[in-house]
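**Q** Build the 3D model from these lines:
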Amino acid sequence: MDEGGSRIRRRVSVRKRTRPGLESAFPVPAAAELGPRESGEPREPEKLEEEEEEPCAGGRRRRTAELQPLEHNDSEEDMFGDNDSFAENSILAQVDDLEQKYMRVSEHREDSTDVTTENVCLENVECDRLSNTAAGDSTKLNVNGYTKNQRRLKAASHEPEADVLYDIPSSQVLYFESMQNFSDNLGGQTNKDRKWDSSSCKMVSEELSHSIKQPQGTDESSSKVRSSSDVNRRKSLKDYLKSAMTGNAKAQTPVLSRTKQLQETLLAEEISMAKKTMESSSNDLGPFYSLPSRVRDLYAQFKGIEQLYEWQHTCLTLNSVQERRNLIYSLPTSGGKTLVAEILMLQELLCRKKDVLMILPYVAIVQEKLHMIGEGSRGAVLEMTLAKILYTSKTTQIIGMSATLNNVRDLQQFLQAAYYTSQFRPVELKEYLKINETIYEVDSKTENGMTFSRLLNYKYSDALKKMDPDHLVALVTEVIPNYSCLVFCPTKKNCENVAEMICKFLSKDYLKHKEKEKHEVIKNLKNISNGHVCPVLKRTIPFGVAYHHSGLTSDERKLLEEAYSTGVLCLFTCTSTLAAGVNLPARRVILRAPYVAKEFLRRNQYKQMIGRAGRAGIDTTGESILILQEKDKKQVLDLISSPLENCYSHLVQEFTKGIQTLFLSLIGLKIATNIGDIYHFMSGTFFGVQQKILLKEKSLWEITVEALNYLTEKGLLQKDTILTEKELLQEETISKSKGEFQCNFYITKLGRASFKGTIDVAYCDILYKDLKKGLEGLMLESLLHLIYLTTPYDMAPQCEPDWMIYFRQFNQLSPAEQKVAALVGVSESFIGKKVSGQAIKKKVDKNIVNRLYLALILYTLLKETNIWSVSEKFNMPRGYIQNLLTGAASFSSCVLHFCEELDEFWVYRALLVELTKKLTYCVKAELIPLMEVTGVLEGRAKQLYNAGYRSLMHLANADTEVLIETIDHLSRRQAKQIISSAKMLLHEKAEALQEEVEQLLRLPSDVPGGVASSTEKA
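**A** Numbering: from 1, shown residues only. You can find the predicted model right below:
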């Protein structure tokens, strides 16, 4: 039995822990107390320790079973060792024997106590009080032996507390807690039954005398009751142990480090607390701005943010934020605005369980970079979105952030928002101007706004002076390769030229800096471009230099940005778009000239560019150097000292993309259909706030009426009043309309098609005519006709065809394809005359000619599926071609939705579904199903297809290990992602089919009564 007990102690133990065995809960008495076994065999000696008690009657000592140290047990070890079942002779049988032994010890102690008490009473009849006291002490001694063991168990089970919490599975924690409770109850019951107080010796003596005189039958009855109780107790314990051990055996304890277990337990506690909090009315889930501390830990782990700036803390604890009121906050670039937006979004998602709207590419609650609201059509779309939210929802919180704001009061009035601003920058920014070889520091305190700083100390050869008159090589070599540098150039071509020029004069030592990593960048560029690398990049990257502009493909930009962020590349020559978009800070920012293309730099643009100087946590200071000529000196001094430009609404300036599109969507969505409601809506827009400044000659009512009438004339809206435009504009009508006058507008089929397809109002009637004309002679021998119909209208005016290339590509078309050109209105003779420079008498729509040229580019791209070859063939930047492809795929989807709303264009629906897929993925038809899977691009799709994975079903049923072995450079994580994504896509398709089946089998609600009723009865 002792061997069984030892085995139990070892197996119930857990990994890397020392815990009391079952002897703690069921103390094993000494051999002297147990007496001989029932079988008569001698008992094996057990390791015991002696503990002295305070002197008592008879000077007795007590012995207690020592807590045995537990062996290490790996989580994967079989918990039951040699015991392979719960049957007889198994572990539970041994536990049962151990429990019975404990019960016999308890009975033996009771009998021993009774005998001792009886002897004391008989031998000391004359000394009744003394004998009672001795008996009481003797009984206390035996009982206290158990009680003291219980205290030791409690101490052992609470020290160390952290290990109890973090080192064992929850099922085992529950098991030990239950054992503890059971032991406490058992001990408490024993003490309650046996506790005698020395102050009531007389009562005890009477009870003892009474018990001696009780008849034998009573003893037998009580023995039976006690035996039955013990059996039930053993049975219930056995059942409990069996249940607990079964649960433990099934549970898999992961092999985790102590630190990991600690983190997981803390997270579990916070999640539990968060759940309780969310059930209550409070929105506070944790210590990190009402978020769990896990959020703070993740920021530290992945972004290295250990502590927030003071302004961030202040902003997050503003009353307006706490009360969920709208807020605008403005700080210089690189001040840490995005982090505040992220925390506010997490509060909405986790604490308040609210949806968060992200307006890409800017992060939002709705939350925006508000200085963009004054930038063309993009600003008009942003204004319309915010105005709709303000009009339709009074509970949505809008948080706007901006680096450049001047007329903030207009924005506050528009958004009904509080305002917070700070001039904080994590890194000090020093602004410099360079004229010839002299560098001046910008100083607003001086009269002319600048003070002398230093002269350039760099020896220039005659050749270098000729190639680099602006001393760029001298300026960048002061920084690179140990620090990063950005050089902003006026044009894309200038970016490439400057990058190559700098590399020509750099020392060969620059080639050795992170040489291996730079070769890896070139290798990755080849992989993403099917073996192609830009010749300029191939020459500059070994020096740690690259250009960055829209001529690069998105994959190239992403790869180069990562290389720059990690320090592999130390110098970017870039256009102003980098300042407005990607966050790539540098130690030094150089402005090649105070121009963007041919336009002089604006204050907002200048601040955005120089704001990239200084990397938080890396640099102590940031520097910006603006290179200028003497002729531009006065303008530049005005530039650096002038206030920021005001932000104005573009809702009316961008007429078709602004106010007309807004009204069409308001009526289509039924947000406002009455002219009075539409006018009220307009009053709440940013334009409504600034209307008296922007359009003094017209009132807001007149602008509203004119826009609605324009939409009505185009057949997009219809109204239910007979009032003319002149009557609508009369004073009495205007005054009445704001109160009682009713003039409702309804959207037509064409208007709904334009609205659902998000077609620009300026082009919806042209698109309708083109599609209608296409029905008369749609050429389906090739994709050219369909591609022309889905080529974006707004890209045609920007296109400048190379007429020689145009003529060459036109002549390579088949007769059927040339017929398409004739159908749309472009003849070979027209292109021939443009090539030769001859005069053209017949007027031809330039937009149609340009649109066909773009359609030829897309058509060639779909046939060759290689951006590089098409870029060379048409002499166009590969980034432009990729943007064209993306725009065409988007517009094709819009045209599809447009056709779905108009029955007459039913023939286009199936055709456009397939064309949209081809434009979206731009790969061979057999690869399209694979491209739908997350993480699979063209190169990976080709690998999978060649390896035999040719459908979603193949991928969904693929084996991870086989996939890793078959596909080159495929990690386990990527393989699992591909398989799970394929399974999800198949599941979605299966659900869609199931819904379709259910819909087909569903009984229609309008079935004639007899059939419906009989079916229901059946």
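**Q** Which helix or strand contains the closest residue to Lys337 other than its chain neighbours?
**A** Leaving aside its chain neighbours, Lys337 sits nearest to Met401 (4.6 Å; criterion: CB to CB, 6 or more residues apart in numbering). Backbone N, C-alpha and C define where each C-beta goes, glycine included. If you go by DSSP states H and E, Met401 is part of strand 399-402.
**Q** what packs against that strand?
**A** strand 327-330, helix 337-346, strand 367-369 (3 or more CB pairs under 8 Å, 6 or more residues apart in numbering; DSSP states H and E).
**Q** count of neighbours near the residue nearest to Lys337?
**A** Met401 has 26 neighbouring residues, counting by other CB atoms under 10 Å.
**Q** okay but it is in contact with Leu344, surely?
**A** No: using CB atoms under 8 Å, Met401 is not in contact with Leu344; the gap is 9.9 Å.
**Q** Dig out what the residue nearest to Lys337 forms beta bridges with.
**A** Beta bridges link Met401 to Tyr329, Lys369 when assigned by DSSP bridges.
**Q** On the three-state scheme, the nearest residue to Ala300 once chain neighbours are set aside is what?
**A** Closest residue to Ala300 apart from its sequence neighbours, by CB to CB, 6+ apart: Glu306 at 5.4 Å. Secondary structure for Glu306, judged by DSSP: H, G, I helix; E, B strand; the rest coil, is coil.
**Q** Now do the contacts for Leu911.
**A** Listed by CB atoms under 8 Å, 6 or more residues apart in numbering, the contact partners of Leu911 are Leu780, Leu786.
**Q** returning to what we had before: which strands and helices lie in contact with the helix or strand just after the strand holding Met401?
**A** Downstream of strand 399-402, the next assigned helix or strand under DSSP H and E is helix 408-415. Counting contacts by 3+ CB pairs under 8 Å, 6+ apart, helix 408-415 packs against strand 327-330, helix 376-392, strand 418-421, helix 686-694.
**Q** Switch the helices and strands packed on strand 399-402 over to a markdown table; also include distance to Ser699 and mean pLDDT.
**A** Below are the helices and strands packed on strand 399-402 laid out as a markdown table (distance: least, CB to CB, whole Å; pLDDT from 0 to 100):
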| stretch | distance to Ser699 | mean pLDDT |
| --- | --- | --- |
| strand 327-330 | 28 | 92 |
| helix 337-346 | 38 | 90 |
| strand 367-369 | 29 | 48 |
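**Q** Redo these as TSV? Include mean neighbour count.
**A** Converted to TSV, the helices and strands packed on strand 399-402 look like this (neighbours: other CB atoms under 10 Å):
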stretch	mean neighbour count
strand 327-330	24
helix 337-346	20
strand 367-369	24
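**Q** Rebuild these as TSV, extending it with distance to Ile979.
**A** Below are the helices and strands packed on strand 399-402 laid out as TSV (distance: least, CB to CB, whole Å):
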stretch	distance to Ile979
strand 327-330	44
helix 337-346	30
strand 367-369	36
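**Q** who wins for proximity to Thr438 among these?
**A** Ranking those by proximity to Thr438 (CB to CB) places strand 327-330 first, at 34.4 Å.
**Q** Which residues are in contact with the residue nearest to Gly777 when sequence neighbours are not counted?
**A** Once flanking residues are discounted, Gly777 sits nearest to Leu823: 5.9 Å by CB to CB, 6+ apart. Under the criterion of CB under 8 Å, 6+ apart, the contact list for Leu823 reads Lys773, Gly777, Met779, His785.
**Q** For the third one, report the pLDDT, please.
**A** Each residue has a pLDDT score; the one for Met779 is 89.
**Q** Reduced to three states, what does it come out as?
**A** coil.
**Q** now it: how far from Tyr309?
**A** 62 Å (CB to CB, to the nearest Å).
**Q** Equivalent analysis for the last one, please.
**A** When distance is defined by CB to CB, His785 is 58 Å away from Tyr309.
**Q** what's around the residue nearest to Ala300, how many residues?
**A** Per other CB under 10 Å, the neighbour tally for Glu306 reads 9.
**Q** can you pull the contacts of Tyr299?
**A** Ile305, Leu339.
**Q** Need phi/psi at it.
**A** Per-residue torsions, Tyr299: phi -60, psi -40 (degrees, to the nearest 10).
**Q** need the helices and strands packed on helix 408-415 in TSV with distance to Tyr793, can you?
**A** Below are these laid out as TSV (distance: least, CB to CB, whole Å):
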stretch	distance to Tyr793
strand 327-330	36
helix 376-392	14
strand 418-421	40
helix 686-694	25
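**Q** Out of the ones you listed, which is closest to Thr314?
**A** So among those, strand 418-421 is nearest, using CB to CB, at 7.8 Å.
**Q** what pairs with the closest one, and is each one parallel or antiparallel?
**A** Next to strand 418-421 in the sheet, as set by DSSP bridges, lie strand 327-330 (parallel).
**Q** Make a ChimeraX selection of the buried ones in the contacts of Leu823.
**A** Here is the ChimeraX command that picks out the buried ones among these, judged by 16 or more other CB atoms under 10 Å:
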select :779,785
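**Q** low-scoring stretches of this structure, by residue?
**A** 1-264, 266-267, 269-285, 358-377, 404, 580-582, 654-657, 721-742, 1009-1018 (pLDDT under 70).
**Q** Hmm, Met795 is touching Gly887, no?
**A** Yes: the criterion here is CB under 8 Å, and Met795 meets it with Gly887 at 6.0 Å.
**Q** Glu556 touches Ser529, doesn't it?
**A** Yes: contact criterion CB under 8 Å: Glu556 and Ser529 qualify, at 7.2 Å.
**Q** More neighbours: which of the two?
**A** Shown here are Glu556 and Ser529; by other CB under 10 Å, Glu556 has more neighbours (22 against 19).
**Q** Surely Ala586 touches Ala613?
**A** Yes: if you go by CB under 8 Å, Ala586 and Ala613 touch, sitting 6.2 Å apart.
**Q** and for those two, which residues touch both?
**A** With CB under 8 Å, 6+ apart, Ala586 and Ala613 have common neighbours Gly622.
**Q** Tell me which of these two has more neighbours.
**A** Neighbours around Ala586 and Ala613, counted as other CB under 10 Å, are more numerous at Ala613. The numbers are 28 against 25.
**Q** residues contacting that one?
**A** Val427, Leu429, Pro585, Ala586, Arg587, Arg588, Val589, Gly622, Glu623, Ser624.
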